[in-house]
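In: Show me the folded form of this:
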Amino acid sequence: ITTRQSLDRLRTMRRRREAYIGPWLPEPLLTAPDVAEDVELAESVSMALMLVLETLSPIERVVFVLREAFDASYDEIAAAIEKSPAAVRQIAHRARQHVDARRPREVVSPSETRAALEAFQRAVETRDLQGLLDVLAPEVVLVGDGGGVKQAVLRPIVEADRVARLLAAGLDMVGAELSLEPVQVNGCPALIMRLNGEIDGVMAVRVEGGLVTGLYSVRNPEKLSRVERETALSR
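Out: Alright, predicted model coming up:
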C-alpha cells in the first residue's frame, strides 16, 4: 500500500514540476554534523544524489529505493508494484546503472570538504573573485531554485568564471546585509544565507578533489521550513 501511494505521489509531483518556474531542487534538510562522518549515509541523502533520483521514472525510483535502501527481495517488490520478478530485476539493473554513472568517482574526506567550504565561504564574505576562482572546479555547476517566488537562475550555470562572476554580482547587490552560517544539509556541507538576520536561502556545496564542483541554491520559501531545526538521520 505504501509503495503504491508513493508511486501516485511521484507521478503527481512530476506533473507539477513540468509547470515549475526554473530548476527544481529537493527540500534541504538540516542534519547533524556527525552525519558527514558516515560517508555512505551522507552520500545517500545528498542533494546531488536526490537530483539523480529525480531523473529516474517513478517506477525506477521505487524499485531502486526498495532494493538499495530497504534490501527488499525482487519477489517482494514485484508483488508491491504488480510486475514480474524478471521485470523488476531489469528495472533495478537499469536504475542502478543510471545512478552509478552519475555518482562521484571518489570519496572525499570530511576534513577536505570542510577546507573547501571554508575557502568558499571566506571568498564569498570578502567578495574575493580570485578566491572564488581558486576554489571552484573548472566545470562547476550552479543550480538555483526560487520557485518563481524569489530571484534565482532559470537554468544551470556552468564553468568557474561564469559562476564566480554571477556570485560576485549577486553579492554586490545585497551588500553587507548578507551573513553566512556553515551547516550540514542532507549530510553535506552547506551555507545558510541570511539577509538582515532572516533566512533567505540555503546553498549546498558538493566537493570533489578539494574543489567545489556543485552549488545548489534553494531560495523558494516553501522549501526552507526544515533548516531551522535538525532532522535526525540514521541507518
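In: Could you list every helix and strand that the longest helix seen in the chain packs against?
Out: Ranked by residue count under DSSP state H, the longest helix found in the chain is helix 85-102. Here helix 85-102 touches helix 47-54, helix 58-64, helix 74-81, going by 3 or more CB pairs under 8 Å, 6 or more residues apart in numbering; DSSP states H and E. No exception for glycine: its C-beta is placed from N, CA and C like everyone else's.
In: ok, now with 7 Å
Out: Packed against helix 85-102, as judged by 3 or more CB pairs under 7 Å, 6 or more residues apart in numbering; DSSP states H and E, are the following elements: helix 58-64, helix 74-81.
In: hmm, who's touching the last one?
Out: If you take CB atoms under 7 Å, 6 or more residues apart in numbering as the criterion, helix 74-81 is touched by 3, 59, 62, 63, 66, 67, 84, 85, 88, 89.
In: could you redo the last one with a cut-off of 10 Å?
Out: 1-4, 6-7, 58-59, 62-63, 65-67, 70, 72-73, 83-89, 91-92 (CB atoms under 10 Å, 6 or more residues apart in numbering).
In: show me where the chain has helices.
Out: Using DSSP H, helices in the chain cover 2-17, 39-44, 47-54, 58-64, 74-81, 85-102, 110-125, 129-135, 160-174.
In: Those: which one's closest to residue 231?
Out: helix 39-44 (12.8 Å; CB to CB).
In: on that earlier part again, do you know which of the helices and strands packed on helix 85-102 lies nearest residue 96?
Out: Nearest of the helices and strands packed on helix 85-102 to residue 96, taken as CB to CB: helix 58-64 at 6.8 Å.
In: quick one: average confidence on that closest one?
Out: Here helix 58-64 scores 92 as its mean pLDDT.
In: Likewise for stretch 77-96?
Out: Across stretch 77-96, the per-residue pLDDT values average to 94.
In: Mind exporting the C-alpha coordinates of it to CSV?
Out: Taking Å, rounded to 0.1, in the frame of the first residue of the first chain, the C-alpha atoms of stretch 77-96 are listed here in CSV:
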residue,chain,number,x,y,z
ILE,A,77,9.0,-5.6,-5.0
ALA,A,78,7.2,-7.5,-7.8
ALA,A,79,4.2,-8.0,-5.6
ALA,A,80,4.1,-4.4,-4.5
ILE,A,81,4.2,-2.9,-8.0
GLU,A,82,2.4,-5.7,-9.7
LYS,A,83,5.1,-6.7,-12.1
SER,A,84,7.0,-10.0,-12.6
PRO,A,85,10.3,-10.6,-10.7
ALA,A,86,12.1,-10.7,-14.0
ALA,A,87,10.8,-7.3,-15.0
VAL,A,88,11.8,-5.9,-11.5
ARG,A,89,15.3,-7.2,-12.0
GLN,A,90,15.6,-5.4,-15.3
ILE,A,91,14.2,-2.2,-13.8
ALA,A,92,16.6,-2.4,-10.8
HIS,A,93,19.6,-3.0,-13.1
ARG,A,94,18.7,-0.1,-15.3
ALA,A,95,18.1,2.3,-12.4
ARG,A,96,21.4,1.2,-10.6
